[in-house]
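> Okay, sequence plus prediction incoming.
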Amino acid sequence: MNLLRLLVAALVAASVSLPVAARELPPVLELERADIVVAKGADWSLWAELQEPAGWPQLQGFVAPKGEAKAGLRAGDLQGWSPVALPLDGRTEAMQAIGAAKFAREAHFRARAGIGEGTLLLDTPGRSPAVGQRTTLYLTRTFELAEPASVVSLQSELEFAAGAIVYLNGVEIIRQQVLPGAEAASFSAAVPTMPTFVKATSMERWQRTSLAIPPTMLRAGTNRITVALHRHPDGGHRAFWFDMDLRLHKRAGFIKTPYLQGGDRDWVTVSWETNVAGFGGVRWGLAPDRLDRRVVAPEIAGAHHEVTLTELPPNSTIYYRAETDAVKGATARVDAPVRSFRSQPLKGETYRFIAYGDVRTNADIHAALTRRMWDDALAADARFVVNTGDLTDLGAPWDGWQREFFEPALPIMSRLPFFASLGNHEGNHESYYHYMALPGNEAWYTFERGDAAFFAINSSSDFEEGTAQWRWLDGALAASKAKWKLVFFHHPPFACTPERKPGDLRVQTHLVPLFEKHHVDMALLGHDHLYGRSRDINGVRYVITGGGGAPTYPAESDAINEVCISAHHYLVVEVAPDHLSWTATDIDGKQLDAFSLTKPPAASSPP
């Protein structure tokens, strides 16, 4: 995550052709899989009293409560330890009534995420004042493990409404939103400060994943997890929420293999994720057997790594290898094979890039499309990928990011730098900013390649006239002297699917006038799960490329959109001094459309 970047040194002239060896599909490195020992939605034991349970957090001599875990429990009717089924959804009846409409909407998302109905734990303050004032709940459960020495690390995703501390065999392993030594009710200062456009919660709950947790506290036989769950004392419609999983990794390796993200001009960021904590670095050079430069991640030991390569010579093949030195033990060192990518083109040079979007939901389709895309990328010597948003169905869950986006896309992302824009399904969630390493503030940004300038817009954030994003876009478009100007974002101003016509009126009102004022040539869009191409609208062509994996939508051309085709697809776009052209190809390799815009070779963008 790099919210602010400075431009780096001037370009270095060099030219290296793409070697034959690089023209093979990058092999899919085996990603390390974890054994799930505690699944979400499992049965736990809940302490229903106000005082802390005896022996907390070890709970030696604990006796599990009898009875069946069920939803619909009332805390006022419980005593001592009671069985409870997760996810735990604790609200007062008053809170439930106030948020009824919102809860109905949440039920739709919960069903898509495989989440159950939850549990109403709290009584109204009028009926049970002590319960209504409750600020901490305590939970516990166990799991069995035969060989703890075989485990190299732990991984856990935690969902909570305010704050939580997790212990394993009495040892703290996770602390979220609770300051060390804080009283149960005074933990709000632990919440990190973020830009206003970043959303830290989803459906008003936190969802955080902890990686590379040391396994030193594991035991042979029975292992006990205990959780202290906190709420804000001033309430909110959701008093408590809790669910979690726990996974065991038994071999050090990659969870996300190295992937490239584009920067402006002469830099690229290499990111990756390992299941053991370590110090990341990248060796790179101009030949696979001469990686004579090394850049180290500017961070403490961790599982997620970002290393920026700067002063890359233009129009060259760059070879690189990511490596992680584990904190403990040489056997835990994690290295990747040597990969390569092509650096930025020179001005006046013809080059190509890939564009697609809406990859969420169907990982198999996304993967098949990526394989087809790679063939075209090699044939065209494509330099990078532009994505128009909706990388995952829900912006918070780790599994969604892993399954829907990273696993299908990692092979091509190891060779083509990736430029993303935000869709509505990411929800501006902090996970997007954690995984991405893009120019500017990462929500909206610009970069140049050859004769073209690109402008990523966040159409899921405020962009009305006078807002920060609108002012940035107006200034960035005005300042650009590039021959070709391309914007890319999620919501099309002119829809191709019948139920969304005529299109996004906010975009029509606030962004389209800027595109026309500053002579934008092409807008790449998503949201409609299909391919669409508009007629010339005051000098701008609007191209919808939302067929990256999500279920396709019905397509209907009209007076504005000349071509609308319901198909999974991607674009290969060519940028040249005298033309900007593209082809749309479906998942079976069939060409859906081809089009070209032209300008005189000496022409530049109007002042």
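That came through, no problem. Residues are numbered from 1 along each chain as shown.
> my read is A379 is in a strand, agree?
No: with the criterion set as DSSP: H, G, I helix; E, B strand; the rest coil, the secondary structure at A379 is helix rather than a strand.
> and it, what pLDDT?
For A379, the pLDDT comes out at 91.
> With the one 4 residues further on instead?
At R383 the predicted local confidence, pLDDT, stands at 95.
> Next up, the contacts around the residue nearest in space to the middle of the chain.
By C-alpha atoms, centre = their mean, the mean C-alpha position of the chain lies nearest to Y432, the distance being 3.5 Å. For Y432, the contacting residues are L391, G395, A420, L422, E426, E442, by C-beta atoms under 8 Å, 6 or more residues apart in numbering. Using the backbone N, CA and C atoms, a C-beta is placed for each residue, glycine as well.
> try 6 Å
Contacts were defined as C-beta atoms under 6 Å, 6 or more residues apart in numbering; by that measure Y432 touches E426.
> Report the separation between it and R208.
Y432 sits 14 Å away from R208, taking C-beta to C-beta, to the nearest Å as the criterion.
> Distance of A303 relative to G253?
Plainly put, A303 is 11 Å away from G253 if you go by C-beta to C-beta.
> K599 now?
Note on K599: its distance to G253, by C-beta to C-beta, is 49 Å.
> now swap in R141 and tell me
Taken as C-beta to C-beta, the spacing of R141 relative to G253 amounts to 28 Å.
> ditto for F242
In this view, F242 and G253 are 30 Å apart by C-beta to C-beta.
> okay, the two: which has more neighbours?
For F242 and G253, the more surrounded residue by other C-beta atoms under 10 Å is F242, and the numbers stand at 24 against 19.
> The more buried one touches L229, doesn't it?
Yes: the criterion here is C-beta atoms under 6 Å, and F242 meets it with L229 at 5.1 Å.
> which ones are touching E323?
G281, D335.
> What residues sit buried inside the host helix or strand of it?
Element membership for E323, per DSSP states H and E: strand 317-326. For strand 317-326, the buried set under the neighbour-count rule, 16 or more other C-beta atoms under 10 Å, comprises T317, I318, Y319, Y320, R321, A322, E323, T324, A326.
> now swap in stretch 442-457 and tell me
In stretch 442-457, residues buried by neighbour count (16+ other C-beta under 10 Å) are 442-447, 449-457.
> List just the nearest of those residues to G170.
Nearest to G170 among the buried residues of stretch 442-457: E442, at 39.7 Å, using C-beta to C-beta.
> how about that closest one, phi and psi?
Per-residue torsions, E442: phi 80, psi -20 (degrees, to the nearest 10).
> Just list the residues touching it, thanks.
Taking C-beta under 6 Å, 6+ apart as the definition of contact, the neighbours of E442 are Y433, M436.
> residues contacting L246?
When contacts are taken as C-beta under 6 Å, 6+ apart, L246 is in contact with V37, V38, S156.
> does the nearest residue to S480 once chain neighbours are set aside have beta-bridge partners, and which?
Excluding the flanking residues, the one nearest S480 by C-beta to C-beta, 6 or more residues apart in numbering is A453, at 4.5 Å. The partner list for A453 in beta bridges (DSSP bridges) reads E448, K485.
> contacting residues for A453?
With C-beta under 6 Å, 6+ apart, A453 has these contacts: S480, A482, K485.
> Could you tell me the end-to-end distance of stretch 372-392?
The first and last residues of stretch 372-392 sit 20 Å apart, counting by C-alpha to C-alpha, to the nearest Å.
> Quick one: residues in contact with that stretch.
Residues outside stretch 372-392 that contact it (C-beta under 6 Å, 6+ apart): 23, 25, 262, 342, 351-355, 357-360, 400-401, 404-405, 412, 416-423, 425, 488, 490, 524-526, 545, 570, 572.
> Would you mind writing the ChimeraX command to select the buried ones in those?
If you want just the buried ones from the contacts of stretch 372-392 in ChimeraX, going by 16+ other C-beta under 10 Å, the selection is:
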select :262,342,351,352,353,354,355,357,358,359,360,400,401,404,405,412,416,417,418,419,420,421,422,423,425,488,490,524,525,526,545,570,572
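> Using CSV, write out the CA atom coordinates for the strand holding E323.
C-alpha atoms of strand 317-326 as CSV (Å, rounded to 0.1, in the frame of the first residue of the first chain):
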residue,chain,number,x,y,z
THR,A,317,13.0,-6.6,-20.8
ILE,A,318,13.4,-6.5,-17.0
TYR,A,319,14.2,-9.8,-15.2
TYR,A,320,13.4,-10.0,-11.5
ARG,A,321,13.2,-12.5,-8.6
ALA,A,322,11.3,-11.8,-5.3
GLU,A,323,12.8,-13.4,-2.2
THR,A,324,11.9,-13.5,1.5
ASP,A,325,14.4,-14.1,4.3
ALA,A,326,12.4,-15.6,7.2
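> how many other residues sit next to N315?
Counted with other C-beta under 10 Å, N315 comes out at 19.
> cool, R403 as well?
Each residue near R403 was counted by other C-beta under 10 Å, and the total is 16.
> The one 10 residues further on now?
Around M413 there are 23 other residues, counting by other C-beta under 10 Å.
> Next: L597.
With neighbours defined by other C-beta under 10 Å, the count for L597 comes to 15.
> Tell me if I'm right that it and W582 touch.
No: taking contact to mean C-beta under 6 Å, the distance of 9.1 Å between L597 and W582 leaves them out of contact.
> can you give me the strands in the stretch 151-300 of the chain?
Taking DSSP state E, counting those that start in this stretch as the criterion, the stretch 151-300 of the chain contains strands spanning 153-160, 163-168, 171-176, 206-213, 221-230, 240-244, 246-249, 254-262, 268-285, 293-296.
> What residues of the strand or helix carrying H366 count as buried?
Using DSSP H and E, the element containing H366 is helix 363-380. For helix 363-380, burial by neighbour count (16+ other C-beta under 10 Å) applies to 363, 365-370, 372-374, 376-377, 380.
> Show me where the protein has its helices.
Along the chain, the stretches classed as helices by DSSP state H are 93-98, 100-112, 129-132, 363-380, 398-400, 407-413, 430-435, 468-479, 505-510, 512-517.
> What are the contacting residues of the fifth one?
Helix 398-400 is touched from outside by E157, T209, T392, D393, L394, with contacts defined as C-beta under 6 Å, 6+ apart.
> would you list those residues in TSV and tack on pLDDT and neighbour count?
TSV is the format used below for the contacts of helix 398-400 (pLDDT from 0 to 100; neighbours: other C-beta atoms under 10 Å):
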residue	pLDDT	neighbour count
E157	96	19
T209	94	22
T392	95	27
D393	92	21
L394	90	21
